[in-house]
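Novice: for reference, the sequence and a predicted model appear below.
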Amino acid sequence: MAKMAKKLLFFAVFLLLTPLLAACQDAGAAGDASAATPTPAGQAYWDLVQQAEDAYARADFEQAMNLARQAASINPNDNTSWEIYRQAGVAAAADDYLSRLPTHRYRLPVDVFVRDQVNKSKDWFLIDVREPDEFAAGHIEGAINIPLRELMKRLNELPNSKTAPILLYCHSQKRATHALVILHELGYSKAYNLEGGYAAYETWIAQNPKPTPGPTPTPAPDEPDFGC
């Protein structure tokens, strides 16, 4: 009898709890459905994000930045819009730089530089971006040593004028290319690389007679367009 009583009690409790459990499940489902349904502000945010991504895909980087900025103003806590804005900003700067890149790619041939030195026809501000020990072992006369990693900390040593002719060099032109891009992004429009770097300069000096001042002390190839 005791076992039968326990079974009846369990069954009664089960009957009482079943409607309550069902109600809880219905409430939970309703809550999930509500969470899955975006609010007007949330929908506007993701619409703008999608539009920004579309603009980025068609290389309209300025528009992508504007749309991403609008999206971020709606939901500043989501990183999606900020990441699109960052990528579009970098892409816009890169596109601007590359679109204005001349055919000579801001490279000055060694023989043209030597001619400028001999004739004093252009007052180049020379920057050697190699390490101090490399500079001490040998460098072009008149150059100052600003190692590449120190460039942003020593901008005060650069010419005051953003249109001053600046010539960068390292050993083989690789490090100087990084410095060149940075200076152009900072507005130094007349910054150039010495083509081939210090190694090319040493080779040219070793293989050619010492030039003398004159109209054409060295061969005159096609020169960069210094007006660009």
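Specialist: All right, it came through fine. The structure displayed is predicted, hence computed values, not measured ones.

Novice: alpha carbons only for contacts and neighbour counts from here, please
Specialist: Will do.

Novice: and the residue nearest in space to the middle of the chain, what element?
Specialist: In the chain, the centroid-proximal residue (C-alpha atoms, centre = their mean) is Val90; its distance is 4.6 Å. Using DSSP states H and E, Val90 sits in helix 79-99.

Novice: now do the next helix or strand after that helix: distance to the chain's middle.
Specialist: Using DSSP H and E, the helix or strand that follows helix 79-99 in sequence is strand 107-108. When distances are taken as C-alpha atoms, centre = their mean, to the nearest Å, strand 107-108 is centred 23 Å away from the chain's centroid.

Novice: what is the rounded mean pLDDT of the very next helix or strand once past strand 107-108?
Specialist: The helix or strand immediately downstream of strand 107-108 is helix 110-119, counting by DSSP H and E. The average pLDDT within helix 110-119 is 89.

Novice: try stretch 170-190
Specialist: pLDDT averaged over stretch 170-190 gives 92.

Novice: contact partners of that stretch?
Specialist: Contacts with stretch 170-190, where a contact means C-alpha atoms under 8 Å, 6 or more residues apart in numbering, come from 93, 97, 128-130, 148, 151, 162-166, 168-169, 191-200, 226, 228.

Novice: mind jotting down where the helices sit in the chain?
Specialist: Shown for the chain, the helices assigned by DSSP state H span residues 2-36, 40-57, 61-74, 79-99, 110-119, 132-137, 174-185, 197-207.

Novice: mean neighbour count, those helices: which tops it?
Specialist: By mean neighbour count, with neighbours taken as mean count of other C-alpha atoms under 10 Å, helix 61-74 ranks first of the helices of the chain at a mean of 21.

Novice: packing partners of that helix?
Specialist: Helices and strands touching helix 61-74, by 3 or more C-alpha pairs under 8 Å, 6 or more residues apart in numbering; DSSP states H and E, are helix 40-57, helix 79-99.

Novice: how far off helix 79-99 does it point, in degrees?
Specialist: On the basis of axes from the mean of the first three to the mean of the last three C-alpha atoms, to 10 degrees, helix 61-74 is oriented at 160 degrees to helix 79-99.

Novice: now do helix 61-74: distance to the chain's middle.
Specialist: Taking mean C-alpha positions (C-alpha atoms, centre = their mean), helix 61-74 and its chain are 18 Å apart.

Novice: got the domain ranges for this structure?
Specialist: 34-100, 107-207 (automatic domain parsing).

Novice: compute the mean per-residue pLDDT across the shortest one, please.
Specialist: The predicted model gives domain 34-100 an average pLDDT of 88.

Novice: for it, what is the distance to the chain centroid?
Specialist: Distance, centroid of domain 34-100 to centroid of chain: 17 Å (C-alpha atoms, centre = their mean).

Novice: what residues does stretch 55-70 touch?
Specialist: Contacts of stretch 55-70 from elsewhere in the structure, counted by C-alpha under 8 Å, 6+ apart, are 48-49, 51-54, 81-82, 84-86, 88-89, 91-92.

Novice: can you do 6 Å?
Specialist: Under the contact criterion C-alpha atoms under 6 Å, 6 or more residues apart in numbering, stretch 55-70 has outside partners Leu48, Ala52, Ser81, Tyr85, Ala88, Ala92.

Novice: same deal with stretch 196-214?
Specialist: So stretch 196-214 is contacted by Val110, Val118, Asn119, Tyr169, Cys170, His171, Ser172, Gln173, Pro217 (C-alpha under 6 Å, 6+ apart).
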